[in-house]
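# Fold the stuff below for me.
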Amino acid sequence: MLEESITKLAGVGEKRAQALADLGIETIEDLLSYYPFRYDDIKERNLAEINDQEKVTIKGLVVSPPVVNRFGYKKSRLQFRMMQDREVFNVSFFNQPYLKDKIVVSEDIAIYGKWDAKRKSLTGMKILGANQEGDFAPIYHVSKAVRQHTLVDLIKKAFTRFADQLEENLPLSLREKYRLLGRKEAMYAMHFPQDLNEYHQAKRRIVFEEFFLFQMKIQGLKQAEKSEKHGIVIAYDVDRVKSFTRSLPFTLTDAQKRVTNEICRDFLRAKHMQRLLQGDVGSGKTVVAAIALYAAVTAGFQGALMVPTEILAQQHLASLNQLFESVEVHTALLTSSTKPKERQEIIEQLQSGKIDIVVGTHALIQEGVDFSNLGLVITDEQHRFGVNQRQGLREKGFQPDVLFMTATPIPRTLAITAYGEMDVSIIDEMPAGRIPVKTHWIKHGQLTDALKNAQLELRTGRQMYVICPLIEESEMLDVQNAVELYEQLNDFFAPEFAVGLLHGKMKNEEKEAIMKAFKENEIQVLVSTTVIEVGVDVPNASTMLIMDADRFGLAQLHQLRGRVGRGQEASYCILVANPKNELGKERMKIMTETNNGFTVSQKDLELRGPGEVFGFKQSGLPEFVAADIVADANILEVAKEEAQNLWEQKNWQLLPENAGLLAYLKEMNKENQFFD
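Numbering: from 1, shown residues only. Below is the predicted model of the structure:
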């Protein structure tokens, strides 16, 4: 069986099994799917056609005995001479004295290494065996305990003994439609391709398989979540909701109307809603949330809005109360700072149904916080909450509808993989009158001039954020820290302007006092860490200065930039950075060229990779062996579409051509019942 331990292979004892486990290889299937990260072209070449510093394979006759010279601590050089077509050249291997026994005078040998044309010498990297297959040698991620040749030998043994158990897991119709290799053939060619074309065909099959099997699982989850037995009907009062919308002091954008309708349609279905609402900074997600919450209230349900920080919770409550001025809705705020007596009153009113909507932090999911009739759960900046935290709030009611909101636009491929089980609504339009923020990139040496320009802006009555990555001085990173920067800027701006300091290590009361003073313009310059990244709304702030901007991800820079430009005046974002490489420079240029969050997030994904973007390493992003959601985006789209099509086929599980697929899915997803 492929799920058997790697110790079933000859030559794998407990010690080697542990070394393989450290590489993530514990079963036979792990070994067979432990693919190379690159391939070396080992086709034999003639000296006349080789370029300087090229990595090549040269075959020739050994014409001098090998000699090992030792130098330094545990360092050595193995040297001998070879001849090809009557041309003699030197060969050296560094720190591999054990190869001496494999080099025999007057015998042919093939060496893979780097050619030095000036010295007419080859720096050897490995000796190729006589039974080498094909023109490409697989190169794997290995360790000191597991060498390349050891891994290759084990993979060959595994194929010899277990290849017959590699059963097909893709339907024949899909393989024929996309001209995909069979599973067994593709897996073997991933390790030992005869040529580049065979490798590309093998990888295309394996990548499609990974994406398709993952999407089948995601679509299964989606079907289960949308089952009518899992949902509630929120039969909202259409007239009251329309009246409330008309009472708002502004007209909804077309995008806001579209996503509101999508949510309201979900309310009227007995199926469970699980929807992701994406919208750029300032696109008006809070208004959509308010309409959704009010709709739930008109149907007799309660609503809960969970946010990651106390400052954001307070701001959301203030915004909602302002929007609800024309209607009768009872709201409350529940955070870890809520006084015990007030907390108890809020809990009692939630249980009795007197409170319609509660806004809070993770305090909402604490034990003892219960609802009378929770119908709608909204989590804002939901990727900042763990899966268990989001689930904890859902469990406060009987399968309430769920709306996840994020102001961090998520690239489509990332949304498909990280949130594939959700329906997605996108607010892709900004409210009228919103003026784009002008972004400039300067070097540290230009900071004084930038501060003088900011001073002129402050004299018009505006305010300014200054962001830096660290709170206190660090020996590890040469970056400005908030405390030192606060002191420097205080010297620069005082006494004309008041400078405040805000960071995550402050007590909640201190943070609230500072933010209140900044909102009321008692503080004109706020020096802060990224604690202000999400949700803080001060329309009078028109300048955002970000120190060491190259230390931040693009998505985070875009979030920070979104703290300004919230009023009717022109706003500015100044990025202060001296990037040390081309990648850093490219990231700064991207920020100056676009204000579109979706463009920024896509570039962030391409430059940094999915594991780093938005902290998704902690958010359940799947790990693929061969597939890459950026490089293989087209295949991902096709795999998703095919998985959706298959799930929509009635009784697809009963079709003979899907038997292998179904068996594989059941084995891989034993905890889920939707494949039975």
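# What part of this protein, helix or strand, is modelled with the least confidence?
helix 387-394 (a mean of 54; mean pLDDT, DSSP states H and E).
# need the helices for the stretch 51-200 of the chain, in chain order.
Assigned by DSSP state H, counting those that start in this stretch, the stretch 51-200 of the chain shows helices spanning 148-162, 172-177, 183-191, 196-225.
# coming back round to it: and after the least confident helix or strand of the chain, which helix or strand comes next?
Downstream of helix 387-394, the next assigned helix or strand under DSSP states H and E is strand 401-406.
# Remind me what that following strand packs against, helices and strands.
Strand 401-406 sits against helix 254-267, strand 274-279, helix 285-298, strand 374-380, helix 387-394, with contacts defined as 3 or more C-beta pairs under 8 Å, 6 or more residues apart in numbering; DSSP states H and E. For glycine as for every other residue, the C-beta is placed from the backbone atoms N, C-alpha and C.
# partners of that strand in the sheet?
strand 274-279 (parallel), strand 374-380 (parallel) (DSSP bridges).
# The helices and strands packed on strand 401-406: which one's closest to residue 511?
Residue 511 lies closest to strand 374-380 among the helices and strands packed on strand 401-406, at 18.3 Å (C-beta to C-beta).
# what's the angle between the closest one and helix 285-298?
In terms of direction (axes from the mean of the first three to the mean of the last three C-alpha atoms, to 10 degrees), strand 374-380 departs from helix 285-298 by 170 degrees.
# by how many degrees do strand 374-380 and helix 254-267 diverge?
Going by the same axes, to 10 degrees, strand 374-380 is angled at 140 degrees with respect to helix 254-267.
# so how far is strand 374-380 from its chain's centroid?
24 Å (C-alpha atoms, centre = their mean, to the nearest Å).
# what pLDDT, on average, does that strand get?
What strand 374-380 shows for mean pLDDT is 90.
# Look at residue 432 and say how many residues are nearby.
8 (other C-beta atoms under 10 Å).
# so when I look at it, I'm seeing a strand, right?
No. Under DSSP: H, G, I helix; E, B strand; the rest coil, residue 432 sits outside any strand and is assigned coil.
# And it, how far from residue 248?
As judged by C-beta to C-beta, to the nearest Å, residue 432 and residue 248 stand 14 Å apart.
# And residue 204, by the same measure?
Taking C-beta to C-beta, one finds residue 204 at 51 Å from residue 248.
# neighbour count winner among the two?
Ranked by neighbour count (other C-beta under 10 Å), residue 204 and residue 248 place residue 204 first, with 18 against 13.
# so where's the stretch 301-450 of the chain shaky on pLDDT?
For the stretch 301-450 of the chain, residues meeting the criterion pLDDT under 70 lie at 382-397.
# Okay, helices next: where are they in it?
Counting by DSSP H, counting those that start in this stretch, the helices of the stretch 301-450 of the chain are 310-323, 340-352, 387-394, 412-418, 447-458.
# Which one, of those helices, ends up nearest to residue 503?
Using C-beta to C-beta, the nearest of the helices of the stretch 301-450 of the chain to residue 503 is helix 310-323, at 12.5 Å.
# returning to that earlier point: of the helices of the stretch 301-450 of the chain, give the one that comes closest to residue 198.
helix 412-418 (26.9 Å).
# I'd like to know which elements the closest one is packed against.
Against helix 412-418 (3+ C-beta pairs under 8 Å, 6+ apart) you get helix 597-608, helix 633-648.
# export the first one as CSV, just CAs?
Coordinates of the C-alpha atoms in helix 597-608 are reproduced here as CSV (Å, rounded to 0.1, in the frame of the first residue of the first chain):
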residue,chain,number,x,y,z
GLY,A,597,-5.6,47.5,-4.3
PHE,A,598,-6.2,44.5,-6.4
THR,A,599,-3.3,45.4,-8.7
VAL,A,600,-1.1,45.9,-5.7
SER,A,601,-2.1,42.6,-4.1
GLN,A,602,-1.5,40.7,-7.3
LYS,A,603,2.0,42.2,-7.6
ASP,A,604,2.6,41.4,-4.0
LEU,A,605,1.6,37.8,-4.6
GLU,A,606,3.9,37.6,-7.7
LEU,A,607,6.9,39.1,-5.9
ARG,A,608,6.6,37.4,-2.5
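# What lies in contact with that helix?
280-281, 407-411, 413-414, 428, 553-555, 557-558, 562, 583, 586-587, 590-591, 594, 613, 629-630 (C-beta atoms under 8 Å, 6 or more residues apart in numbering).
# List only buried entries from those residues.
280-281, 407-411, 413-414, 428, 553-555, 557-558, 562, 587, 590-591, 613, 629-630 (16 or more other C-beta atoms under 10 Å).
# and residue 352, how many residues sit next to it?
9.
# Which secondary structure element is home to residue 564?
Counting by DSSP H and E, residue 564 is part of no helix or strand.
# where does it land on pLDDT?
Predicted confidence (pLDDT) for residue 564: 88.
# And it, how far from residue 540?
10 Å.
# just residue 528 next, same as before
In terms of C-beta to C-beta, residue 528 sits 16 Å off from residue 540.
# So which of these two has more stuff around it?
A count of neighbours by other C-beta under 10 Å puts residue 528 above the other of residue 528 and residue 540, at 26 against 16.
# ok now do that one, which residues does it touch?
Contacts of residue 528 by C-beta under 8 Å, 6+ apart are 465-467, 482, 501-503.
# so which of these is the most crowded?
residue 467 (29 neighbours).
# With adjacent residues omitted, what lies nearest to that residue?
residue 546 (4.7 Å; C-beta to C-beta, 6 or more residues apart in numbering).
# Quick one: mean pLDDT for the strand or helix carrying the one you found?
Here residue 546 sits within strand 541-547, counting by DSSP H and E. In this model, strand 541-547 has a mean pLDDT of 94.
# how many degrees apart are that strand and helix 447-458 in direction?
Using the same axes, to 10 degrees: strand 541-547 against helix 447-458 is 170 degrees.
# Listing partners with orientation, what would you give for strand 541-547?
Here, using DSSP bridges, strand 541-547 pairs with strand 463-467 (parallel), strand 572-576 (parallel).
# Outside of whichever helix or strand comes after the last one itself, list whatever touches it.
Proceeding C-terminally, strand 572-576 gives way to helix 582-593 as the next helix or strand, assigned by DSSP H and E. Helix 582-593 has contacts (C-beta under 8 Å, 6+ apart) with 439-441, 549-550, 554, 557-558, 561, 573, 575, 577, 579, 600, 603, 607.
# isn't residue 190 right next to residue 32, touching?
No. Using C-beta atoms under 8 Å, residue 190 is not in contact with residue 32, being 9.1 Å away.
# Can you report phi and psi for residue 309?
Here is the backbone geometry of residue 309 (degrees, to the nearest 10): phi -130, psi 160.
# Any figure for the gap between it and residue 546?
Taken as C-beta to C-beta, the span from residue 309 to residue 546 is 19 Å.
# got it, and residue 265?
41 Å.
# Show me which of those two is the more surrounded one.
When residue 265 and residue 546 are compared for neighbours, residue 546 comes out ahead with 26 against 10, by other C-beta under 10 Å.
# that older thread, out of the contacts of helix 582-593, which is most surrounded?
Ranking these using other C-beta under 10 Å puts residue 558 first, with 30 neighbours.
# check contacts around it.
Contacts of residue 558 (C-beta under 8 Å, 6+ apart): 281, 591, 597, 600-601.
# ok, those residues vs residue 305, which is closest?
For the contacts of residue 558, the nearest to residue 305 is residue 281 (18.1 Å; C-beta to C-beta).
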